[in-house]
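Asker: sequence first, then the predicted structure, then my questions.
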Amino acid sequence: MYDVMLDEANQWYQEPPLRKRKLEPSPVEEKEVQAYSSEEDMDPVEREKYRLQAVESCMKKVMVQTKEDDVESSTKLKSSNAIFYMIFKARGGPLCRGIVRKTSDGRTGHMRLEARCWIDKSN
């Protein structure tokens, strides 16, 4: 019985190995991205696509809250501590909501922005 097993093992061992096929990546055309210095350099079709993306990406609603209650709306944006609540749409996608908190420690040039954004599931 062992002789039969050895013969089968020997035959299996002497079989030529399977040829390995070399897998080549599928050809992918890479689109060359050009850097434009101004809108005049752009192709008219590309310029129109860019313009449409900018139009589709827009703020729908913004509310500003400050610690001081009696501040004019024009000075709320310049307040050292302000919280911005916003609803916006990015490139024609779903509506998004965001909260941006602007804080400063009183020193000139020291400012910190904290942001949280999420997709609005209610729409």
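Answerer: Sure thing, it's come through.

Asker: please count neighbours and contacts with C-alpha atoms only from this point.
Answerer: Fine.

Asker: can you pull out the helices in this structure?
Answerer: For the chain, applying DSSP state H gives helices covering 2-14, 44-56, 73-76.

Asker: pLDDT of the first one, averaged?
Answerer: This means helix 2-14. What helix 2-14 shows for mean pLDDT is 59.

Asker: contact partners for M111?
Answerer: Residues near M111 by CA atoms under 8 Å, 6 or more residues apart in numbering: K102, T103, S104, D105.

Asker: now the buried members of those residues.
Answerer: Among the contacts of M111, those classed as buried by 16 or more other CA atoms under 10 Å are K102, T103.

Asker: in strands, which of the contacts of M111 appear?
Answerer: Residues of the contacts of M111 located in strands (DSSP state E): K102, T103.

Asker: show me which of the contacts of M111 is closest to I119.
Answerer: For the contacts of M111, the closest approach to I119 (CA to CA) belongs to K102, at 21.5 Å.

Asker: excluding its backbone neighbours, what's nearest that closest one?
Answerer: Nearest residue to K102, sequence neighbours excluded (CA to CA, 6 or more residues apart in numbering): L113, at 4.7 Å.

Asker: I figured that neighbour hits R101, correct?
Answerer: Yes - at 5.6 Å, L113 counts as touching R101 under the criterion of CA atoms under 8 Å.
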